[in-house]
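[1] Give me a model of this one.
(3 chains)
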Amino acid sequence: MDYAPNTDTQLEEMLRAIGMGSFEELISAVPAELHARELDVPAGLAEPQVIALGEELAGRNRALTEMVSFLGAGCYAHLIPTVVDALSARGEWLTPYTPYQAEASQGTLQAIYEFQTMVCELFQMDLANASLYDGASSVAEAALLALRATERSRILVSEAVHPHARETLATYLIGSPATLQEIPTVNGVTDLEALGKALRDDVACVILQQPNVFGCLEPMGQAGHLAHRIGGLFIASVYPISLGLLQPPGAYGSDIAVAEGRCLGSPMAYGGPGLGLFTTTAALLRKVPGRLAGCTVDQAGRRAFTLTLQTREQHIRRERATSNICTNEGWLALRATIFLSLLGPRGMQELARLNLEKAHYARERLREIPWIRSAFDQPVFNEFTLQFDAAHPVETVNRRLAAEGFVGGFPLAEWYPTMPQASLWCVTELIGKPSIDRLIDVLTRSG
Amino acid sequence: MQVPAELRYTKTHEWMRQDANNEAVVGITAHAQEELRDVVFVELPKVGQAVKQGEPSAVIESVKAAFDIYAPVSGTVSRVNEAVANTPQLVNQDCYGKGWLFAITPTAPAETASLLSSEAYEKQIKA
Amino acid sequence: MSMSGPLIFERSVPGRRGYAVPPGDVPAVPPGDVLPEDHLRAAPPRLPEVAEFDAVRHYTRLSQANFSVDTHFYPLGSCTMKYNPKLNERIAALPGFAWLHPLQPAAQAQGILQLLYELEQLLCAITGMAAFTLQPAAGAQGELAGLKIIAAYHRRKRRARSTILIPDSAHGTNPASAALSGFTVIQLKSGPDGLIDLRELRRKLTKDVAALMLTNPNTLGLFEREIKTIAALLHEQGALVYMDGANMNALLGISRPGDMGVDLLQLNLHKTFSTPHGGGGPGAGPVGVAKALEDFLPVPRVRKVGTRFRWEARGRATVGRVHGFYGNVGVLVRAYAYIRTLGREGLARASRAAIINANYLKVRLQDTFPVPFDDHCLHEFVVTLKALRARGISAGDVAKRLLDYGCYAPTVYFPLIVEEALMIEPTETESKETLDEFAQALRAIAHEAQHNPELVRRAPQRMVVDRVDEVKAAREPNLRWVEPDPSVQAAGSKPHAAPPLGSG
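    All right, here's what the predicted structure looks like:
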């Protein structure tokens, strides 16, 4: 099956109209030695066959429709209102390109403007762009902005920032003279004393995550203050769902705040597509990466929207652009916009509170089990690190749980080899109390 | 097209006016601003910044393009036109007056000799 | 009132709810009991307060102010705006894919791992490359990953190479990605035929060149006939050939980059492989490499061991990762469904029909607008509207007038080597009838340009808004809505202290 409507007869007619005797003549610019043989690709399938194939492959995954998962670690399962799916599936949202022709793209442009406004409100920051790829590359772009803005060369990043963000940042810095230094943690949070010692006037920025990769709440205000004291920028990577309750990054002096925004109305989809949220202060407007939608007027003086400040971008500035990004995550930004408009201020507050309460209930119950304790004594939002005793290896416990329909916490040793007995547990609004209680039963029996 | 006789020009469409106090004031020509159409943003150098003849020292942006402004002579930036930073359309409205960009204290006065006269510049833009 | 109407914020009514968050089923905990006060938000975010139906009507009406592939012909050159099959959406939405967590053990994710593994194999077969990474989220991120691989390759060979050669017809992302990777860009001037000029290439091909980045077919829609010679020249100097695969829709089953001597390339699955552009994204930009570069690919990589699949997190010479987890998997699932639906014959027929469509449209337009580099094109072509300058009409004006005729505009002012360019890519999924209508529309506009130029200059007239004032948008950036101060409004004057970047 293919989707090309012209029949073979029509294609022949068109070839004749072009003045060609054959298709081969038409592509004579491709040297004969470069003509492809038949591709080593299976024959095409009809729709029912593709559905069967898809269902078979999907069926070999044990998705969260059949498992109760306590995984978070940078990818969080949250409710998705039916309306988000229904509206975003419309072809008028799903199938346009980037809104370069403003007059024929007012829907997308107004939605981006609403998106930028909502993200600003949620983060309490001056401005937001139209999205970047994901949380990890947003951290990298934030650091690159800081290097440009300060004309300095050192980046300090807490080791409690998600390793994917740190690794992506390191990749983005290949070929750059800038250096990256990791700041250690103490009791699950960034060691401010170590941070203070590492700060000199060549530091472009300090990057922390809130809540951090261990689920702990960081002293963002103090870290930001330290960064500002030496003239560096403070970059916060945050969790949008938590902002219904937690202090927004604008309130603790962030110069740039980024996030993985997939949790706002888009499925986990095995980790991608993500939605990079990128916000900053008015002072850094001209250095922002990515697209911006602006409000203006049309010839008749009516309100209208357009992409603006495009001279920052690659299609105009080329090698001097603020970033190479072109395609972003527009469709997920739309989904986030619809999600936030449905939830509203109270919905976001209630959702965050539900996460907080369920996570704290689960953590209390888990700590009642004799071989389990909290790894850190720190306040948390909906995720926390547990420490099992030596008789209960994380992998063994998780295998046992899998047989009972649970996906246990993420074994942190994979990212932090010095933490062999630690695992990271997340509880969102999707997990009911009965599931938590059954988990406790299974673990108690495992004792 | 207006090309004032008392100014000196570059091939890259900057004009320069040598003041009595040995300051060189720099802007872009009427021809350049017309080609640019609506100027929407001007990025000026910092006062005290050293600039070199023929090297980019400022940027002028229209909606769909960004143009480097090259220093006509080497020197130190002595003043910048804050008004044009806030109201970029001054470059379109009055490019030889209120739309000036920055001033330089030249360090190599001999460089001035390499600049174009108004006749030579006019010839260039007609060609 | 314009068709799109007010902003969602302007529909807000205090206390209105659009979604019922489920009630708690665990003991309630006042946040202040478990979180220190200084971690708590002082006031809830000022989001709109609307009912579910308010949101439904708002975002439905708003969508209708868009042109899209589903609703309009969308001949945007270099973007391959082909039909996005609904079937792919259905497959990607299967809960077994959509509700899968990326850190679930491999044993719980065998289906998706198999799909990703097979997709890599299919892309290898289609392009002739030895290995692929699926991680980059878009074409430009693929380029970035490719350039990091080039840097790592030369470093391992202990060669100091700091420049990338890029033809002047290239997409803007090429030089931007090169600069972002610490390279200096040297531009190659295209030859009189619009192709890479071998003499220019030889002149600029020094021992400092790390790679040539080219697009094939190039942005004029022309195949680089001398590609094998070009690749050989680069390889003689120890340099690599990077191909921007944005135009791969011309080559499916026709020619394989791997056979041309290309060392690495990125594909844009949202172009060639039919995944929807979503008003700006998401995309996916897998990178394929020759055998010698496989070790440098980003990690993790999917491996097949016996009949089982797993992730391999480490690579000896890897450049690291460019994205969280494994890239835009939801997009990859759609592209996989597309390739399996079309199969080998369907893919070849797609490119064949795309090329015939482009050439047919070019011939239909040849009496209206000249093609500056006139040769048989592949999937797209570029016309110049230079002749309309005398009537005071630009390519941008014609693009706007096309909107009135119900066609989205082609890419304008690109490539930069063509004055007043319109870059037209019809794709294979448009019918001959649509192409005829489009040609008719452009002819009608050319006629208007002669007899009623003002009409063209003032276009569009039939959209929800007239021509948008981009100058005002850039001079007075207003990037977010701010609630008007009611006390100021009541006084009937404009607010005097608008917050930064906001409307007031």
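
[2] just the residues of chain C that are near chain B, which are they?
    Within chain C, the positions adjacent to chain B are C:413, C:470-471, C:474-475 by CB under 8 Å from any CB of the partner chain. Every residue, glycine included, has its C-beta placed from N, CA and C.

[3] Smallest gap between chain C and chain B, at which residue?
    In chain C, no residue comes nearer to chain B than residue C:474, which is 3.7 Å away by CB to the nearest CB.

[4] Give me the contacts around the helix or strand harbouring that residue.
    Assigned by DSSP states H and E, residue C:474 belongs to helix C:470-475. Residues from elsewhere that reach helix C:470-475 (CB atoms under 8 Å, 6 or more residues apart in numbering or on different chains): A:102, A:294-297, A:306, A:308-309, B:38, B:40-41, B:61, B:63, B:88-89.

[5] Tell me the one of those nearest residue C:366?
    residue A:102 (30.4 Å; CB to CB).

[6] My guess is that closest one contacts residue A:110. True?
    No: the pair residue A:102 / residue A:110 is not scored as a contact, 10.5 Å apart, by CB atoms under 8 Å.

[7] ok, so of the contacts of helix C:470-475, who is nearest residue C:358?
    For these, the nearest to residue C:358 is residue A:102 (26.6 Å; CB to CB).

[8] How much space separates the closest one from residue C:465?
    Per CB to CB, to the nearest Å, residue A:102 is found 8 Å from residue C:465.

[9] Neighbour count: these two, which is higher?
    The neighbour comparison of residue A:102 against residue C:465 (other CB atoms under 10 Å in any protein chain shown) goes to residue A:102, with 28 against 25.

[10] can you count the residues close to the residue in the stretch 101-250 of chain C positioned nearest to chain A?
    Residue nearest to chain A within the stretch 101-250 of chain C: residue C:182 (2.6 Å; CB to the nearest CB). Each residue near residue C:182 was counted by other CB under 10 Å, and the total is 16.

[11] Might you report the residue contacts of it?
    In this structure, residue C:182 makes contact with A:174-177, C:151, C:162, judged by CB under 8 Å, 6+ apart.

[12] For the most centrally placed residue in chain A, give me the pLDDT.
    Residue closest to the average C-alpha location in chain A (CA atoms, centre = their mean): residue A:260, at 2.7 Å. You'll see residue A:260 listed with a pLDDT of 98.

[13] isn't it right up against residue A:135?
    Yes: assessed by CB under 8 Å, residue A:260 is found in contact with residue A:135 at 2.8 Å.

[14] one step back: which element is the residue of the stretch 101-250 of chain C closest to chain A on?
    Going by DSSP H and E, residue C:182 is not in any helix or strand.

[15] where does residue 401 land in three-state SS?
    Picked chain A for this. Following DSSP: H, G, I helix; E, B strand; the rest coil, residue A:401 is assigned to helix.

[16] what's around it, how many residues?
    Other residues near residue A:401 come to 20 when the count uses other CB under 10 Å.

[17] so how far is residue C:263 from it?
    Distance, residue A:401 to residue C:263, using CB to CB: 46 Å.

[18] Over to residue A:300?
    With the distance defined as CB to CB, residue A:300 ends up 54 Å from residue C:263.

[19] what about those two, which has more around it?
    The neighbour count for residue A:300 versus residue C:263, taken as other CB under 10 Å, is higher for residue C:263 (27 against 10).

[20] What distance do you get for the spatially closest residue to the more buried one that is not a sequence neighbour to residue C:293?
    Excluding the flanking residues, the one nearest residue C:263 by CB to CB, 6 or more residues apart in numbering or on different chains is residue C:240, at 4.3 Å. To residue C:293, residue C:240 is 8 Å away according to CB to CB.

[21] now residue C:230
    Per CB to CB, residue C:230 is found 18 Å from residue C:293.

[22] Repeat that for residue A:23.
    Residue A:23 is 34 Å from residue C:293, where distance means CB to CB.

[23] now residue C:474
    Here residue C:474 is placed at a distance of 42 Å from residue C:293 (CB to CB).

[24] got it, and residue C:177?
    Residue C:177 sits at a distance of 17 Å from residue C:293 (criterion: CB to CB).

[25] So between the two, which is more surrounded?
    Using other CB under 10 Å as the criterion, residue C:177 and residue C:293 rank with residue C:177 on top: 35 against 22.

[26] contacting residues for the closest residue to the more buried one other than its chain neighbours?
    Spatial nearest neighbour of residue C:177, chain neighbours left out: residue C:143 (3.8 Å); criterion: CB to CB, 6+ apart. Counting by CB under 8 Å, 6+ apart, residue C:143 makes contact with A:324, C:173-174, C:177, C:213, C:242, C:244, C:266, C:285.

[27] could you redo the last one with a cut-off of 6 Å?
    C:173, C:177, C:266 (CB atoms under 6 Å, 6 or more residues apart in numbering or on different chains).

[28] Which of these fall in helices?
    Among the contacts of residue C:143, the ones falling in helices (DSSP state H) are C:173, C:177.

[29] Any chance of the contacts of residue C:143 in a markdown table with distance to residue C:70 and pLDDT as columns?
    A markdown table is the format used below for the contacts of residue C:143 (distance: CB to CB, whole Å; pLDDT from 0 to 100):
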| residue | distance to residue C:70 | pLDDT |
| --- | --- | --- |
| C:173 | 26 | 93 |
| C:177 | 31 | 94 |
| C:266 | 27 | 98 |
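
[30] quick revisit: of the residues of chain C next to chain B, closest to residue B:79?
    residue C:475 (23.3 Å).

[31] what separates the closest one from residue A:305, distance-wise?
    16 Å.

[32] More neighbours: which of those two?
    More crowded of residue C:475 and residue A:305, by other CB under 10 Å: residue A:305, with 29 against 18.

[33] State whether that one and residue A:108 are indeed in contact, as I suppose.
    No: the criterion here is CB atoms under 6 Å, and residue A:305 misses it with residue A:108 at 8.7 Å.

[34] who's in contact with the closest residue to residue B:116 other than its chain neighbours?
    What sits nearest to residue B:116 in space, not counting adjacent residues and going by CB to CB, 6+ apart, is residue B:9, at 4.2 Å. If you count contacts by CB under 6 Å, 6+ apart, residue B:9 has them with B:15, B:116, B:121.
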